[in-house]
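> generate a structure from the sequence data that follows.
(one chain, ligands or ions: 1)
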Amino acid sequence: MNQRRREVFDLPDWWRQAVVYQIYPRSFADANADGIGDLAGITSRVDYLRDLGIDAVWLSPFYPSALADGGYDVDDYRDVDPKIGTLDEFDEMVAALHAAHIKVVVDIVPNHSSNRHEWFRAALNSPRGSNERSRYIFRDGKGENGELPPNEWQSIFGGGAWERITEPDGSPGQWYLHLFAKEQPDFNWDHPDVHEDFLETLRFWSDRGVDGFRVDVAHGLKKNLDPAFDALADVLGGRELFVDGQHPVWDRDEVHEIYKEWRDVFNEYEPPRTAVAEAWVAPHRQARYASPEGLGQTFNFDLLQADFRADEFHEIISRNLAAAEAIGGSTTWVLSNHDVVRHASRYGLPGGQESKGAPGAGAPAGTGNDGKQWLFDGGDPAQVDHAQGFRRARAATMFLLGLPGSAYLYQGEELGLPEVGQIPDEDRQDPAFFRNRDVEVGRDGCRVPLPWSSRGRSFGFGDDGSHLPQPDWFGDYAVEVQDEDPASTLNLYRRALELRAELQGDETLEWEDVTDSSLTFRRPGGWRVVLNFGTEPIPLPSGEVLLSSSELGDGGLLPGETCAWLR
Ligand code: BGC
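Okay, here's the model as predicted:
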């Protein structure tokens with residue numbers, strides 16, 4: 001193992017430059033042959049993760065859940081879903097990852113529980129106005145008999161954001177707020193029990209050795225339900241980000257009081273636990289989530305939403321590095337996750353990345369994503385230029401890995417996996433599809449279980465099938481196929497992460513050459529990173545080529561849509 005990475009593991013601020021690999025547990029590796037990935041499956045693949053060269057894993061939710069929203073509907077925050085494993089298996093997994101010098105980050109979902117959570121069940125069985133009800137957001141309906149929702153707000157996944165309940169005596173009753181699926185009732189963060197319970201959850205996992213937390217919908221916890229906002233039907237999905245704390249739901253200033261409390265808990269530990277906010281907020285509001293008194297880091301989704309263009313990359317990178325420097329933090333880079341079209345496909349969309357559209361203000365990325373809809377509903381998937389997507393994805397990833405800040409990778413991108421387009425309706429799982437199928441294909445296409453081998457019932461994912469269907473071509477991308485091939489995407493990632501470890505410790509970047517179609521920057525130690533966004537070759541800067549995202553031609557030229565690292 002790379003010595004530098006081993007040293008970073010022991011640093012309290014290991015996260016500043018970390019490469020964090022997102023695992024979607026149900027789709028990573030299935031050890032008990034039930035078609036669903038599990039914790040033992042992750043443990044069985046620790047060698048793979050170590051050899052890839054990552055610093056940390058982030059696990060999407062593995063808690064007990066009816067999977068109304070892929071596990072982001074949590075029944076119990078301090079347990080493991082029996083379909084995925086046990087707490088003992090969790091401990092074994094953490095021990096195995098730590099032994100490989102890999103940190104562990106878990107997902108915390110504080111905006112909403114599932115409707116099966118014991119508190120929500122207690123709320124349904126308790127009268128109006130009870131303490132049990134006030135841990136969630138219940139309101140009387142409008143209309144003569146309360147038959148109309150309290151307002152017209154539309155949920156992120158489509159349909160109204162309020163659901164009516166039946167009172168314990170059988171009569172039609174109050175309504176509760178759910179920004180996401182109706183199985184995801186929103187907590188009332190004005191209630192002290194909610195605060196206390198999450199602090200307990202943070203300690204529970206920290207005591208088990210968890211190193212950090214990814215905070216789901218971090219910008220949504222505090223709400224202002226003033227009737228003045230009732231008329232704004234699209235208030236949740238609206239694209240207006242520049243609201244400076246005045247939006248009724250998203251990015252309210254008071255939300256940071258919660259994260260100050262959390263920070264006190266993180267600092268009870270040695271080294272302090274870390275966190276990264278999932279906050280879809282305006283660029284100038286991101287730093288508050290990332291402050292050292294708050295969560296410490298926030299996702300920056302700017303590159304994920306950008307077109308493959310030199311001017312956009314240049315502006316985004318410069319702005320985010322400056323913002324991070326201003327607060328003494330470090331920025332984060334991400335191109336793919338479990339909510340968006342995989343970037344190997346996104347970059348091949350006809351019309352460029354522009355046709356993708358941007359997610360809404362409060363939306364998980366990918367929701368209301370025009371490109372996804374185009375890709376699979378309106379447009380002909382055959383029109384996606386896979387070769388271009390693949391080439392650009394490798395180049396963009398290498399460019400990103402050369403930057404200061406931490407890099408978040410999504411399982412399967414190291415295989416160059418494209419999005420799976422053809423999933424039959426009856427196999428789909430995402431609530432975004434079921435609630436909004438006319439406009440939304442959902443996020444299942446990036447959540448299909450990984451191919452480990454080129455053959456077999458589920459391409460080595462497990463000994464049984466796979467909970468989402470894998471296409472026939474998946475075997476071509478299998479780990480087994482790429483492992484020995486020096487030109488494979490897997491080996492490009494491995495080599496890039498190995499080299500990147502040498503850069504750790506210094507967070508400076510200097511632009512050296514900025515043109516309409518290429519960017520070159522310098523890093524310490526005489527490193528240069530150059531990306532040719534155009535299709536025509538350009539001269540390579542001087543230096544020894546350490547790595548390139550596609551084969552270099554003769555004559556010192558850098559081919560189109562290619563990134564090279566030089567020293
Ligand atoms: C997660 C999504 C999830 C939503 C609701 C998000 O931002 O990334 O996958 O559907 O939160 O929990």
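
> show the pLDDT at residue 227.
pLDDT for residue 227: 87.

> my error: substitute residue 254 in the last question.
96.

> which residue is the nearest non-sequential neighbour of the most centrally placed residue in the chain?
The residue lying closest to the centre of the chain (CA atoms, centre = their mean) is residue 337, at 4.3 Å. Take residue 337 and drop its neighbours on the chain: the residue closest to it by CB to CB, 6 or more residues apart in numbering is residue 410, 4.9 Å away. Placement of C-beta: from N, CA and C, glycine included.

> would you agree that neighbour is in contact with residue 20?
No. Residue 410 sits out of contact with residue 20 when judged by CB atoms under 8 Å, with a separation of 10.0 Å.

> list residues touching both of the two?
Jointly contacting residue 410 and residue 20 under the rule CB atoms under 8 Å, 6 or more residues apart in numbering is no residue at all.

> helix or strand for residue 519, which one?
Using DSSP states H and E, residue 519 falls within strand 518-523.

> would you mind extracting the C-alpha trace of that strand into CSV?
Taking C-alpha atoms only, strand 518-523 is exported to CSV below (Å, rounded to 0.1, in the frame of the first residue of the first chain):
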residue,chain,number,x,y,z
SER,A,518,-8.1,23.6,-23.0
LEU,A,519,-7.1,24.1,-19.4
THR,A,520,-3.7,23.5,-17.8
PHE,A,521,-2.9,23.9,-14.1
ARG,A,522,0.2,23.3,-12.0
ARG,A,523,0.4,21.5,-8.7
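
> that strand pairs with which strands, parallel or anti?
As defined by DSSP bridges, the strand partners of strand 518-523 come to strand 510-514 (antiparallel), strand 527-532 (antiparallel).

> I'd like those strands laid out as TSV, including mean pLDDT and distance to residue 175.
Formatted as TSV, these follow (pLDDT from 0 to 100; distance: least, CB to CB, whole Å):
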stretch	mean pLDDT	distance to residue 175
strand 510-514	97	53
strand 527-532	97	51
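
> out of those strands, which is closest to the ligand?
Set against the ligand and scored by CB to the nearest ligand atom, these come closest in strand 527-532, at 28.2 Å.

> centre of the chain to the closest one, how far?
Relative to its parent chain, strand 527-532 has a centroid offset of 27 Å by CA atoms, centre = their mean, to the nearest Å.

> pLDDT weak spots in the stretch 251-400 of the chain?
Applying pLDDT under 70 to the stretch 251-400 of the chain flags the ranges 351-382.

> tell me where it has strands.
Using DSSP state E, counting those that start in this stretch, the strands of the stretch 251-400 of the chain run over 274-277, 296-298, 332-334.

> which secondary structure elements does the longest one contact?
Contact partners of strand 274-277 among helices and strands, from 3 or more CB pairs under 8 Å, 6 or more residues apart in numbering; DSSP states H and E: strand 212-215, helix 255-266, strand 296-298.

> would you reformat the ones you listed as TSV and include mean neighbour count?
Formatted as TSV, these follow (neighbours: other CB atoms under 10 Å):
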stretch	mean neighbour count
strand 212-215	26
helix 255-266	18
strand 296-298	28
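
> can you pull the residues of the stretch 1-150 of the chain lying near the ligand?
Contact residues (CB under 6 Å from any ligand atom) of the stretch 1-150 of the chain with the ligand: 69-70, 72, 109.

> make JSON lines out of those and add pLDDT, distance to residue 303 and neighbour count.
Formatted as JSON lines, these follow (pLDDT from 0 to 100; distance: CB to CB, whole Å; neighbours: other CB atoms under 10 Å):
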{"residue": "69", "pLDDT": "94", "distance to residue 303": "25", "neighbour count": "24"}
{"residue": "70", "pLDDT": "93", "distance to residue 303": "24", "neighbour count": "20"}
{"residue": "72", "pLDDT": "97", "distance to residue 303": "23", "neighbour count": "26"}
{"residue": "109", "pLDDT": "98", "distance to residue 303": "25", "neighbour count": "27"}
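
> pull the most distant pair out of those.
Taking CB to CB, the two most distant members of those are 70 and 109; they sit 11.0 Å apart.

> mutual contacts of those two, please.
Contacts common to residue 70 and residue 109, judged by CB under 8 Å, 6+ apart, are residue 61.

> please enumerate the strands of the stretch 401-550 of the chain.
Using DSSP E, counting those that start in this stretch, the strands of the stretch 401-550 of the chain run over 406-410, 510-514, 518-523, 527-532, 538-539, 545-548.

> low-confidence stretches in the stretch 51-200 of the chain?
For the stretch 51-200 of the chain, no stretch is flagged by pLDDT under 70.

> and the helices in it?
Here the stretch 51-200 of the chain has its helices, by DSSP state H, counting those that start in this stretch, at 87-99, 118-124, 192-207.

> mean neighbour count added to those, as TSV?
Below are these laid out as TSV (neighbours: other CB under 10 Å):
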stretch	mean neighbour count
helix 87-99	17
helix 118-124	17
helix 192-207	16
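
> so what's the residue in the stretch 451-567 of the chain positioned nearest to the ligand closest to, chain neighbours aside?
Closest residue of the stretch 451-567 of the chain to the ligand, CB to the nearest ligand atom: residue 468 (14.8 Å). The shortest distance from residue 468 to any non-neighbouring residue, by CB to CB, 6+ apart, is to residue 448 (4.7 Å).

> I'd say the one you found and residue 27 touch.
Yes. Counting by CB under 8 Å, residue 27 is a contact partner of residue 448 at 6.6 Å.

> mind listing the shared neighbours of those two?
Common contacts of residue 448 and residue 27, defined by CB under 8 Å, 6+ apart, comprise 466, 468.

> contact residues of this protein facing the ligand?
Going by CB under 6 Å from any ligand atom, the residues of the chain near the ligand are 69-70, 72, 109, 180, 216-217, 278, 338-339, 364.

> can you redo those residues as JSON lines with distance to residue 290?
Formatted as JSON lines, those follow (distance: CB to CB, whole Å):
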{"residue": "69", "distance to residue 290": "26"}
{"residue": "70", "distance to residue 290": "26"}
{"residue": "72", "distance to residue 290": "22"}
{"residue": "109", "distance to residue 290": "20"}
{"residue": "180", "distance to residue 290": "24"}
{"residue": "216", "distance to residue 290": "16"}
{"residue": "217", "distance to residue 290": "16"}
{"residue": "278", "distance to residue 290": "12"}
{"residue": "338", "distance to residue 290": "22"}
{"residue": "339", "distance to residue 290": "20"}
{"residue": "364", "distance to residue 290": "19"}
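
> separation between the nearest residue to residue 543 once chain neighbours are set aside and residue 529?
What sits nearest to residue 543 in space, not counting adjacent residues and going by CB to CB, 6+ apart, is residue 566, at 3.5 Å. Remark: distance between residue 566 and residue 529 (CB to CB, to the nearest Å) = 8 Å.

> and these two? which has more neighbours close in?
Counted by other CB atoms under 10 Å, residue 566 and residue 529 do not tie: residue 529 has more neighbours, with 25 against 20.

> and that one, what is it in contact with?
Counting by CB under 8 Å, 6+ apart, residue 529 touches 398-399, 402-403, 520-521, 523, 563-566.

> just residue 510 next, same as before
The neighbours of residue 510, taking CB under 8 Å, 6+ apart as the test, are 521-522.

> so what pairs up with it in the strands?
Beta bridges link residue 510 to residue 522, judged by DSSP bridges.

> return the closest of the contacts of residue 529 with respect to residue 105.
Distances from residue 105 to these, taken as CB to CB, are shortest for residue 403 (19.9 Å).

> what is the nearest residue in space to the closest one that is not next to it in sequence paired to in the beta sheet?
Distances taken as CB to CB, 6+ apart place residue 333 nearest to residue 403, at 6.0 Å, with adjacent residues excluded. For residue 333, the beta-bridge assignment (DSSP bridges) gives partners residue 407.
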